[in-house]
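Asks: Would you be able to build a 3D model of this:
(one chain, ligands or ions: 1)
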Amino acid sequence: MSPADVTPAPPAWRLLLSHVRPHRWALAAGGFLSLLTGGAALLLPLVAKGLIDDLSRDRAITGALLAMSALVVANAVLGGLGSYVLRRTAESVVLGARRTLSSYLLRLRITAVDRSEPGDLMARITSDTTLLREVTTDSLVGFGTGGLTLLATVVMMGFVDPVLLGVTLAVVVGAGVVLGAIVPHINRASRRAQDAVGVMGASLERVLGALRTVKASGAEDREERTLHAAAEESWRQSVRAAKWAAAAGNTAGLAMQVAFITVLAVGGARVATGAIDIGTLVAFLLYVFYLMAPIQQVVGAVTQYQTGSAALARIQEALALPAEPPSPPAPLPGAGAEPAAVAFDDVRFRYADDLPYVHHGVTFAVPARGMTAFVGPSGAGKTTVFSLIERFYDPESGTVTLDGRPLGEWELTRLRSAIGYVEQDAPVLSGSLRDNLLLGHPEAGGEALDRVVRTTRLDGVVARLPQGLDTLVGHRGTKLSGGERQRVAIARALLRRPRLLLLDEATSQLDAVNEAALRDTVAEVARETTVLVVAHRLSTVTAADRIVVMDAGRVRAVGTHHELVAADPLYAELAATQFLATAG
Ligand SMILES: Nc1ncnc2c1ncn2[C@@H]1O[C@H](COP(=O)(O)OP(=O)(O)OP(=O)(O)O)[C@@H](O)[C@H]1O
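Replies: Next up, the predicted model:
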């Protein structure tokens, strides 16, 4: 896929905030609980000191013991609660991103899908969103709580001795500069690692989608190498990110040790000159020691953020792909709805700017009711006519109208609810036979379902299947034969009672008996509905009310079979040769 070349993404922190914003209060509560836990822990030494004082002065220690126990329990409860709230919030951020992405991907324009790899899109929804979990908790909260503790410690250090604070900050700033150089490497490596996961998803989808062909072609070894190469690339880049993250962590640790030694040296000199007393130096060194944990936390947050921002950028790229405008669900045509009329007026179309034109000014008009067959050599642009009617693509110029209204004026859902579309390869989805039939009309009653199963001659298939309509048909309907899949696709379209039926005929999937029966069914449907069929069989075109002959992206003739056999040499040739099979 090439979302990388779509609009540049906003900065990662803005993307992160947009994902986190709906959960900001829960996140703030989690962060607050973490701070309270830290506060409770800080109180413990004070209470312990009190307990030792009480003991040494022979006073009762019950109060101090109770206070300590209460603090320990409070610490455990608040810590557990804070951690739960933060983790839950992080999961909610992941859920939100997954919901947004999956809704968006369902609305993608087909042009965007043509340019993408489904496996890579899947990786963005599953793997990249997972990385938001850590970035929410470790990065955001770590940065917040670590940053606050850091600030408080620095303020305290300023009170103790501003000169030593200056020394410490100089070391910390030096380390910050080194970290600034390291951090982009983490980002780049994480990005490449996630891209490699995307490539792996795409390769997996490619192989699993055609595993039989891969096996039959003996291509397992080559495909295995591709999959392993992607997995190894992800490993390589993740290891590179880990190397830089380790370097960042060590830089922070090293900086603190350097700060410790420098403070000791400068502080010692100041004690020697009498500028500060020894107690001040000891207190300051303790603070340097305290600084370590929040600094590690902040550095961890920054490195984690780099991994997260690489994932955020990949999520954003998917969200920047062109999508169809949202439109409310539209009702299906009711019984007795009028059939639709379709017209193309000088339509020019190509699939992409760098591809040749597929339609060079296609013009035809199909009145409501009846069957119109589209014939022509392979690649003439027949299926593309259907894709334009469904508005999977928009023409570059010219107009397509339904009922005299340009398609651009139709609400997409309303347009598509009027149409039943049977694609050439008759896709069947994983799930039960019933799920597949009801896909386009989930509310259809049992009676309508039985009727459509009968008219498409699926009743015999249903009777044979172990669980009837509830039998699972396997991934892409592999448990059904090609002809059965085609009948399922036709039944699914008919169940919607469309005002316009688009039927892209597969060449040789049906046996003669089923073909004849379906031809009768379609002819019957054509009495009530407008039927457009991309025809590959002579029997289909002879039954059609009109035939549109297409060649190289143009309509070259329109007429009935008898008219065209006499008037159009290409049609006569098609009818006489293998382009129109004589099955049935
Ligand atoms: N999604 C796509 N992206 C780019 N080019 C495409 C796409 N779909 C089809 N084409 C090209 O458009 C041209 C017309 O394709 P179309 O499927 O409309 O032909 P057809 O007349 O239906 O052919 P057939 O009878 O073989 O199904 C072909 O050259 C094809 O390669």
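Asks: Next secondary structure after the helix or strand containing residue 90?
Replies: Per DSSP states H and E, residue 90 falls inside helix 62-106. Per DSSP H and E, the first helix or strand lying C-terminal to helix 62-106 is helix 110-114.
Asks: now the strands for this structure?
Replies: 342-349, 359-366, 370-375, 397-402, 405-406, 419-422, 500-504, 530-534, 546-551, 554-559 (DSSP state E).
Asks: Dump these to JSON lines, plus mean pLDDT, distance to the ligand and mean neighbour count.
Replies: Quick note: C-beta positions are derived from backbone N, CA and C, even for glycine. Shown next, in JSON lines, are these (pLDDT from 0 to 100; distance: least, Cβ to the nearest ligand atom, whole Å; neighbours: other Cβ atoms under 10 Å):
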{"stretch": "strand 342-349", "mean pLDDT": "96", "distance to the ligand": "9", "mean neighbour count": "20"}
{"stretch": "strand 359-366", "mean pLDDT": "95", "distance to the ligand": "9", "mean neighbour count": "19"}
{"stretch": "strand 370-375", "mean pLDDT": "94", "distance to the ligand": "8", "mean neighbour count": "24"}
{"stretch": "strand 397-402", "mean pLDDT": "96", "distance to the ligand": "14", "mean neighbour count": "17"}
{"stretch": "strand 405-406", "mean pLDDT": "95", "distance to the ligand": "21", "mean neighbour count": "12"}
{"stretch": "strand 419-422", "mean pLDDT": "92", "distance to the ligand": "13", "mean neighbour count": "24"}
{"stretch": "strand 500-504", "mean pLDDT": "93", "distance to the ligand": "7", "mean neighbour count": "24"}
{"stretch": "strand 530-534", "mean pLDDT": "94", "distance to the ligand": "6", "mean neighbour count": "25"}
{"stretch": "strand 546-551", "mean pLDDT": "94", "distance to the ligand": "7", "mean neighbour count": "23"}
{"stretch": "strand 554-559", "mean pLDDT": "94", "distance to the ligand": "12", "mean neighbour count": "17"}
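Asks: can you redo these as CSV with distance to residue 156?
Replies: Listed next are these as CSV, based on distance: least, Cβ to Cβ, whole Å:
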stretch, distance to residue 156
strand 342-349, 71
strand 359-366, 75
strand 370-375, 81
strand 397-402, 72
strand 405-406, 71
strand 419-422, 71
strand 500-504, 75
strand 530-534, 79
strand 546-551, 82
strand 554-559, 82
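Asks: which residue sits closest to residue 34, ignoring its sequence neighbours?
Replies: Leaving out its chain neighbours, the residue that sits closest to residue 34 by Cβ to Cβ, 6 or more residues apart in numbering is residue 82, at 4.5 Å.
Asks: show me what contacts the one you found?
Replies: Residue 82 is in contact with 30, 31, 32, 33, 34, 36, 37, counting by Cβ atoms under 8 Å, 6 or more residues apart in numbering.
Asks: what about 10 Å?
Replies: By Cβ atoms under 10 Å, 6 or more residues apart in numbering, residue 82 lies in contact with 29, 30, 31, 32, 33, 34, 35, 36, 37, 38, 141, 145.
Asks: Compare those and tell me which has the most neighbours.
Replies: residue 30 (27 neighbours; other Cβ atoms under 10 Å).
Asks: Was I right to think that residue contacts residue 93?
Replies: No. Residue 30 is not in contact with residue 93 according to Cβ atoms under 10 Å; the separation is 11.6 Å.
Asks: and for those two, which residues touch both?
Replies: 23, 136, 137, 140.
Asks: And these, which two are furthest apart?
Replies: 23 and 137 (11.4 Å; Cβ to Cβ).
Asks: anything in contact with each of those two?
Replies: Joint contacts of residue 23 and residue 137 (Cβ under 10 Å, 6+ apart) are 30, 89, 90, 91, 93.
Asks: and the longest helix anywhere in the chain, what other elements does it pack with?
Replies: Assignment by DSSP state H gives helix 220-273 as the longest helix of the chain. Contacts defined by 3 or more Cβ pairs under 10 Å, 6 or more residues apart in numbering; DSSP states H and E place helix 220-273 against helix 162-209, helix 211-216, helix 278-319.
Asks: run the last query once more with 6 Å
Replies: Packed against helix 220-273, as judged by 3 or more Cβ pairs under 6 Å, 6 or more residues apart in numbering; DSSP states H and E, are the following elements: helix 162-209, helix 278-319.
Asks: I am finished for the moment; much appreciated.
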